[in-house]
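Asks: fold the following, please.
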Amino acid sequence: MAPSFFQFGGNVGELGQNIGMVCNANQGGDMSIIKKYYHERFRGDLAAFMPSTEVPYFGHSWNYDCEHIETLPSEHRANFLICLYFTVLIDQAMYTYYRERYNEFNSLTKHPKFCHGLGQVQKNPREILYVPVEKGLVDKKQMEKEIPAGMELFVDEVIDFCQNQMKDISAAELLEKLRFDRDVQIPLLLILLDPKLKEDVVVQAYEAFRLVMEKKFPHARVADPVRGPVK
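Replies: Presented below is the predicted three-dimensional model:
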């Protein structure tokens, strides 16, 4: 496998089906496109985006101006933000669930930290996806198109990293923890109360992630009382 950044340092039942249909309808993204971007362009775009490679922190004013996103070509932004999202997400997940191994993980990856100030308060990675969309800094349709392939790439990269770099950590276990993490999972009750949330890129990202998990790890599937049994 090519070197990756992981080595860089209404009706309840119908609603559940409709959420899945949102992702299926948007599965126009070609896995090879975002994979090629991730392995060939993401590192360079990240270097242009980060204010300093010596201080790997960003996001202090994200909710106001998505600082430095304007340094990237508009046609790269959707793929960049999806890759940045899952890069930050896995970093925070390792710190949360495998804290005793985090220093080792961080020395291997040197992932950027999405936070207020110099790492004192970590921010929710969801903001990486939805804030630029809300501010019109990235094409929402392009983001929606690439999200399913991006989430599949994310899962594949975690599997590859665990198999080759930290072999005693189960990728399935780590990803399952993320699937039900409160900063990742979208409770169906929220969507029942506001069906328009199906159009939110964060909801679509979670649903795409859930579907990939069910495909890659069928033995780990958990019955969902709202969405129904996995088929």
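Asks: so how far is stretch 83-99 off the chain centroid?
Replies: Computed by C-alpha atoms, centre = their mean, to the nearest Å, the chain-centroid distance of stretch 83-99 equals 9 Å.
Asks: which stretches of this structure have low pLDDT?
Replies: By pLDDT under 70, the low-scoring segments of the chain are 1-29, 53, 118-120, 220-231.
Asks: which stretches of it form helices?
Replies: 12-25, 31-40, 42-49, 62-65, 77-97, 102-109, 126-134, 140-164, 171-179, 188-193, 201-216 (DSSP state H).
Asks: for the biggest strand by length in the chain, what is the distance to the chain centroid?
Replies: As assigned by DSSP state E, the longest strand anywhere in the chain is strand 113-116. Relative to the centre of its chain, strand 113-116 is centred 15 Å away, using C-alpha atoms, centre = their mean.
Asks: only C-alpha atoms, please: export it in CSV.
Replies: The C-alpha coordinates for strand 113-116 follow below in CSV (Å, rounded to 0.1, in the frame of the first residue of the first chain):
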residue,chain,number,x,y,z
LYS,A,113,-4.9,18.7,16.7
PHE,A,114,-8.2,20.5,16.2
CYS,A,115,-8.6,22.6,19.3
HIS,A,116,-9.0,25.9,21.1
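Asks: what sits against the residue nearest the centre of the chain?
Replies: Nearest to the geometric centre of the chain sits F86, at 3.3 Å (C-alpha atoms, centre = their mean). Contacts for F86 (C-beta atoms under 8 Å, 6 or more residues apart in numbering) come out as P125, G150, M151, L153, F154, E157. C-betas here are computed from N, CA, C, even on glycine.
Asks: swap the cut-off to 10 Å and go again
Replies: With contact set as C-beta atoms under 10 Å, 6 or more residues apart in numbering, F86 has these partners: 5, 38, 93, 125, 128, 150-151, 153-155, 157-158, 178, 205, 209.
Asks: look up how far L129 lies from it.
Replies: Computed as C-beta to C-beta, to the nearest Å, the F86 to L129 distance reads 10 Å.
Asks: shared neighbours of those two, anything?
Replies: Joint contacts of F86 and L129 (C-beta under 10 Å, 6+ apart) are G150, A205.
Asks: is K123 in contact with Y85, as I believe?
Replies: No - here K123 does not reach Y85: they are 11.7 Å apart, not a contact under C-beta atoms under 10 Å.
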